[in-house]
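Trainee: generate coordinates for the sequence data below:
(chains A and B)
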Amino acid sequence: MITLRFKRFNDGVFVPHVDVLRSLNRTFRRAGIDVRYSNGFNRHMVLRLTQPIPFGVADDDAYVTADIKSDFPLEEIFDKFVKACPPYIRPLGAYVTELNPSLGGTINASSYRVQGKLNVEQAEKINAVFGKEYEITLRKNGGADRKEVSSLIYYLKADEDGFDATLAFGNVNLRIDLLIEQFNDDFGTKFSVTDVVRTKQLIRQADGKVLSAEDYLLEKCTEKYISKE
Amino acid sequence: MDERLRPFLTKVEKPGRYIGGEYNLPDMNKPCNVRFCLCFADIYEVGMSNLGIGILYDVLNKTDGVVCERCFAPWLDMGKILKENNLPLASIETGKPLKEFDIVGFSVPYEMSYTNILYMMDLAGIPFRAKDRNGDFPLIVGGGPAAANPEPIIDFFDIFFIGEGEYIDAELCKIVEKYKGDKNKILEEAAKIDGIYVPSVCKTIDGINVTTVKKAVVKNLDKAPYPTKPLVPNIEIIHDRSVIELYRGCYAGCRFCQACFFYRPVRYREKDTVASLAAQIIDNTGFDEMGLASLSSGDYEDICELIKELKELTEKKNVVLQMPSLRLDSFTEGVLERAKKTSLTFAPEAGTQRLRNVINKNVTEEDIVNSMRIAFTAGYTTVKLYFMMGLPTETDEDVLGIAETVRLIRKTFMEVTGKKNIFINVSTAMFIPKPATPFQWAEQISGEEMYRRQNLLKKELFSIKGVHYSWHGADMSVLEGLFARGDRKLSYVIESAYKKGCFFDSWTEKFDINKWNEAIEENGINVSDYTGLHDENKPLPWDFIDFGVSKDYFLKEWHKALKGETTPPCKHKCNGCGASKLGKCRFYVKGEKE
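Mentor: Below is the predicted model:
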């Protein structure tokens, strides 16, 4: 089982999650990397891509896992993949594990950097959200529900150039695009979803210990290759 | 990508349409003297599925000194943003406004895309009519399947390509490079090339062009350029797969089919060439599906051998080989042997043998039953059937004959399998008489009559279990008929309709027949003058085009049709259509007819 860590950037933020998966499928085929296929009527390449992030958000920490049948050295597999990648994907590393690391189901938090000029008052107001009750509006099917989200914000720190946030991600989720929309409404900020970069995917374990997805893979892997670029 | 669009991309339905940056993108920064913008008058997903666009894009970017970029019609949301923000329409690759290119070339795929050409020119800030554009504007050129009769839109173009563009596009670029800045000289020189129609240098009598333009034909298809590194889109497109073209033209000679005659002479890509192209394209794109393109792929001489060879290749690479739609008389067990059993598509076109003879669909009821037996024995349980309605001499009996054919297929399924769980998708299109066919003089039935016949069939099919019926809109078919055999006067209708808000007319949710009717009325056009029976002795607006196939041949076939006589497919015997004078026809035998 090989997990590839990659970043999705530039115009790639406008490529929907399902199309990224399709692009990765084509990348493996172009690279000539032999990936295991499903055995059903409509056979397809078995790829496990970590969960989708909101449309327009750049991603510095995405992962795809594939069951690869290859005798090539890991570095060679990685190089082949790099050469076959679409321009909006840059592979960062490859990790070999005995079993599927099930990152999609294990990751439960994500860190983001949101770029955008803030005045002192706006930065203070955003900082004041952390640790206190805070409601956001969920707009769905023309309606608008309010939801209290303080338990889903694990970290929030604003400065004059934007803010950093760590939010619940996965089955229990706080979408960064909804949070910045609420900040725009409440504090007069002018953030756009394209100002956001997901910097890390995280695993908050039962004992409260927080591990980055990359560190989690490093703990589990039997072999690794990290890009020199 | 066009950086000016970035702030708006989160506000539109599918931003992926506008970002470009596909895998296999050619070098846009190579030294160049001519910049060509290849435009398609529909959205990205439709245009990127067009093989012609892919071939021309590849050919032009491989031409020294030429850089070719693309532009597709922006969907309504993006079009509105461009207008509101005064952003001129630009190319996908570098965001260069269309009016800064040397050549802007529109591929015109079908009649209902005519207003989209104006929509794109409007967004680009380019005057619609050639006479209103001076040398400061790019050369506006057109081409594509609409070239069989470009007259309704010719006033919008400086140049129109008639026929296949593989070589003439690049030749035009050379002329533009040589005489840059001198539009008149460019037009004068371009008019000397076969396949290039320059209306401003042609002679007209009573508004009809009389200067002959010979259709451009790729003489040796086997050696013709073909993109082995096609662009791989970042978003899902309509035909999201790699495509290999097997051959051009068609020997069957169905009398309604424009493509059959327009793309004659019949020319092949040899089996080894096809296999080699397939291997390269799979490796260079990574597509997980591959399709075979041509007018009737099942008729390809080595189809069974080819499928066997391609199956071996695609299975090794985990690529699905899509079976082409098949003619009922070309259907054999060999074709099915290695196919995935999903559904099969057949086109009997007419419901009775009499009408099939009129249209020269050389298929008998026996062929239909035999083909179905093969399919059902092989395990197929879903069949798609294509028919046409409103064909010349059609009666209610022929319409009800479609339902009889469906009943016969159902009965055959039950006999072969002993089961009743067959799914039959029946689709009917309305017959539209097209230029460059034996039916170019035929009458098209009115919109009301189309509705009546559709309802007649709908009622009849309703009583048959497992049948799903879909049909093509009557109003749209009447308009297609109007423009298919239109003349230059119709350019004013197109312009009026666009100004009333008609564009993306091939999209049913956007099509508004009332606005079109207003435009037709305002311009004093009588639709039946165009859709009615045409006088065989009067000149037709497209008579100036030398299609290879002669007008006499079309006329002879038209008369045979009216008598219900058939013409055998030319793979059995050359029928002397005349196409081989433009290039060697696969089935032309010297001394036999021509």
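
Trainee: so which bits of chain B are right by chain A?
Mentor: Proximity of chain B to chain A is confined to B:1, B:6-7, B:9-10, B:15-16, B:19-23, B:25, B:232, B:234-236, B:282-288, B:317-319 under the rule C-beta under 8 Å from any C-beta of the partner chain. Backbone N, C-alpha and C define where each C-beta goes, glycine included.

Trainee: how many other residues sit next to the residue in the stretch 401-550 of chain B that chain A sits nearest to?
Mentor: Nearest residue of the stretch 401-550 of chain B to chain A (C-beta to the nearest C-beta) works out as B:Phe423 at 16.4 Å. B:Phe423 has 15 neighbours, counted by other C-beta atoms under 10 Å in any protein chain shown.

Trainee: pLDDT value on the nearest residue to it once chain neighbours are set aside, please?
Mentor: Leaving aside its chain neighbours, B:Phe423 sits nearest to B:Thr382 (4.4 Å; criterion: C-beta to C-beta, 6 or more residues apart in numbering or on different chains). Looking at B:Thr382, its pLDDT stands at 91.

Trainee: cool, and B:Lys316?
Mentor: For B:Lys316, the pLDDT comes out at 89.

Trainee: now stretch B:160-168: how far from the chain's centre is it?
Mentor: 14 Å (C-alpha atoms, centre = their mean, to the nearest Å).

Trainee: tell me the mean pLDDT for the top helix by length along chain A?
Mentor: The single longest helix within chain A, with elements called by DSSP state H, is helix A:17-31. The pLDDT scores in helix A:17-31 average 95.

Trainee: could you do stretch B:584-594 as well?
Mentor: Stretch B:584-594 comes out at a mean pLDDT of 64.

Trainee: ok so, going back, now the residue nearest to B:Phe423: phi and psi?
Mentor: Torsion angles at B:Thr382 (phi, psi; degrees, to the nearest 10) stand at phi -130, psi 130.

Trainee: any low-confidence regions in chain B?
Mentor: Applying pLDDT under 70 to chain B flags the ranges B:324-342, B:588-594.

Trainee: and the residue of it nearest chain A?
Mentor: For chain B, C-beta to the nearest C-beta, closest residue to chain A: B:Gly286, 3.1 Å.

Trainee: tell me the contacts of that residue?
Mentor: Taking C-beta atoms under 8 Å, 6 or more residues apart in numbering or on different chains, we find B:Gly286 in contact with A:Asn25, A:Arg26, A:Thr27, A:Phe28, A:Arg29, A:Arg30, A:Ala84, B:Tyr23, B:Val232.

Trainee: flag every residue of chain A that's near chain B.
Mentor: Counting by C-beta under 8 Å from any C-beta, chain A sits next to chain B at A:10-12, A:14-16, A:18-19, A:22-23, A:25-30, A:32, A:37, A:43-45, A:55-56, A:84, A:86-88, A:192-194.

Trainee: of those residues, just the buried ones, ChimeraX syntax please.
Mentor: Selecting only the buried entries of the residues of chain A next to chain B in ChimeraX, with 16 or more other C-beta atoms under 10 Å in any protein chain shown as the criterion:
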select /A:11,12,14,15,16,19,22,23,25,26,27,28,29,30,45,55,56,84,86,88,192,193,194
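
Trainee: give me every residue that touches the nearest residue to B:Tyr553 once chain neighbours are set aside.
Mentor: Take B:Tyr553 and drop its neighbours on the chain: the residue closest to it by C-beta to C-beta, 6+ apart is B:Cys577, 4.8 Å away. Residues in contact with B:Cys577 (C-beta under 8 Å, 6+ apart) are B:Gly253, B:Phe261, B:Arg264, B:Gly548, B:Val549, B:Ser550, B:Tyr553, B:Cys570.

Trainee: could you flag which of the residues you listed are buried?
Mentor: B:Gly253, B:Phe261, B:Arg264, B:Gly548, B:Val549, B:Ser550, B:Tyr553, B:Cys570.

Trainee: closest one of the residues you listed to B:Ala519?
Mentor: Looking at the buried ones among the contacts of B:Cys577 and their distance to B:Ala519, the nearest is B:Phe261, at 30.8 Å (C-beta to C-beta).

Trainee: you'd agree the closest one is in a helix?
Mentor: Yes. B:Phe261: assigned to a helix according to DSSP: H, G, I helix; E, B strand; the rest coil.

Trainee: which SS class is the residue nearest the centre of chain A?
Mentor: Centroid-nearest residue in chain A: A:Ala62, 4.8 Å away (criterion: C-alpha atoms, centre = their mean). Using three-state DSSP, the structure places A:Ala62 in strand.

Trainee: quick one on the thing from earlier: for the longest helix of chain A, name the packing helices and strands.
Mentor: Applying 3 or more C-beta pairs under 8 Å, 6 or more residues apart in numbering or on different chains; DSSP states H and E, one finds that helix A:17-31 makes contact with strand A:47-49, helix A:74-84, strand A:89-96, helix B:271-285.

Trainee: would you format those as CSV with distance to B:Leu172 included?
Mentor: As requested, those are exported to CSV (distance: least, C-beta to C-beta, whole Å):
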stretch, distance to B:Leu172
strand A:47-49, 45
helix A:74-84, 35
strand A:89-96, 37
helix B:271-285, 26
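
Trainee: contacting residues around B:Pro230?
Mentor: With C-beta under 8 Å, 6+ apart, B:Pro230 has these contacts: B:Asn24, B:Gly54, B:Asp58, B:Ser242, B:Ile281, B:Asn284, B:Thr285.

Trainee: leaving aside the residues next to it on the chain, what's closest to the last one?
Mentor: When you say that, I think you mean B:Thr285. What sits nearest to B:Thr285 in space, not counting adjacent residues and going by C-beta to C-beta, 6+ apart, is B:Val232, at 5.0 Å.

Trainee: equivalent analysis for the fifth one, please.
Mentor: Across the structure, with C-beta to C-beta, 6+ apart as the measure, the residue nearest B:Ile281 apart from its sequence neighbours is B:Ser242 (4.6 Å).

Trainee: the one you found contacts B:Gly291, correct?
Mentor: Yes. With contact defined as C-beta atoms under 8 Å, B:Ser242 reaches B:Gly291; the gap is 7.4 Å.

Trainee: these two - which one has more neighbours?
Mentor: The neighbour comparison of B:Ser242 against B:Gly291 (other C-beta under 10 Å) goes to B:Ser242, with 24 against 17.

Trainee: what are the phi and psi angles of the residue of chain B closest to chain A?
Mentor: According to degrees, to the nearest 10, B:Gly286 has phi 80, psi 10.

Trainee: surely A:Thr50 meets A:Ser102?
Mentor: No. Between A:Thr50 and A:Ser102 there is no contact under C-beta under 8 Å: 10.3 Å.
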